[in-house]
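[1] Pasting the sequence and the predicted coordinates here, then a few questions.
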Amino acid sequence: MTELLVATFYKFTILNDHAALQPKIEAFCRDLDVRGIILLAEEGINATISGTRESVIEAIEFLKKDPRLSDLTWKESPARKQPFRKLRVRLKKEIVTMGVEGIDPAQLAGTYVSAEDWNDLISDPDVMVIDTRNDYEVEIGTFQGSVDPEISTFGELPEWIKRNISIEEQPKVAMFCTGGIRCEKSTALLKQAGVREVYHLEGGILKYLEKVPENESLWEGQCFVFDERVSVGHGLEVGDYELCRACRDPLSKNEKTSPHYRRGVSCSRCFDRTTEDQKERFAERQRQLDLAETRRKAGMDTGH
């Protein structure tokens, strides 16, 4: 089986014509059978796409023909099977939703710290290290000694920052997230508020797991990713978590032994939050997915 390439990238840049770009990008990627999700907003682009190496690189080169995206960089990881069912190119108000007006990461973000230098920074006891991701992401892995804001959405982070970071005390703050994009906004928010020493992990956790050897790593656990791989570990090897199709939270092998776990229907976290009608709809959806997979495998076996 041909190994697939997963590429993650973003760029904050003014795309006043993002609505006009949508059909062009979508048509080009569909012709290449590149799947994934691409978000377009006036503030830029944010995407994770997958396909054969040749097709993914061709799609990125197509994007880079736009002068505003000419210096686009991306993070790569392998996949044994296609992590996306389809391609979605969506228009959004923000490419990562924080809900604060007037934040311009392209002009005012924190200082980048490379994966190779990150350990030294976060080992400094005077540095406040903040995980800017959602609670279910933090639960399966984070950096040693980091602060968990216990937020369920990124839009809750500004209020947490307001309550927990004193501008007058001028703390040294280091922030990190999966691929770097959330930290572009959160560090810009801190800089705009007046915090002078603000740092963030360049390329995010994914770049750190790619570059830093496991025996030197300060990362504990796995890193949640927003596709069918669910999680990755050191060297960006696919982890052993599965996604609950009802609530979209990651599930460990142990969590799947719960009596409330039904594949595609519920888990111990969401069992009490859904009605019987919803559970029946989820069960029917899973039956259809299983049927489609059976047909797909049958077609492969017969050469069709």
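    Nice, I can see it.

[2] Only C-alpha atoms from now on, for both contacts and neighbour counts.
    Will do.

[3] ok, residue 188 touching residue 110?
    Yes: checked against Cα atoms under 8 Å, the pair residue 188 and residue 110 is within contact range at 6.2 Å.

[4] What are the boundaries of the strands in the stretch 101-250 of the chain?
    For the stretch 101-250 of the chain, applying DSSP state E, counting those that start in this stretch gives strands covering 111-113, 127-131, 141-143, 172-176, 198-201, 219-221, 223-224, 231-232, 242-243, 250-251.

[5] Let me see the residues that make contact with the third one.
    So the one you mean is strand 141-143. With Cα atoms under 8 Å, 6 or more residues apart in numbering as the test, strand 141-143 has contacts from 131, 218, 219, 220, 221, 222, 223, 224.

[6] circling back to that earlier point, what about the strands of the stretch 101-250 of the chain, which gets the closest to residue 11?
    Closest to residue 11 of those, according to Cα to Cα: strand 111-113, at 14.6 Å.

[7] Next, the contact list for residue 161, please.
    Residue 161 makes no contacts at all, as judged by Cα under 8 Å, 6+ apart.

[8] hmm, 10 Å instead?
    130, 149, 167, 186, 189, 190 (Cα atoms under 10 Å, 6 or more residues apart in numbering).

[9] pretty sure residue 198 contacts residue 176?
    No: Residue 198 is beyond contact range of residue 176, at 11.2 Å (criterion: Cα atoms under 10 Å).

[10] and for those two, which residues touch both?
    Joint contacts of residue 198 and residue 176 (Cα under 10 Å, 6+ apart) are 186, 187.

[11] Show me which of these two is the more surrounded one.
    residue 176 (27 against 23; other Cα atoms under 10 Å).

[12] measure the more buried one to residue 150 for me?
    Distance from residue 176 to residue 150, counting by Cα to Cα, to the nearest Å: 14 Å.

[13] got it, and residue 137?
    In terms of Cα to Cα, residue 137 sits 10 Å off from residue 150.
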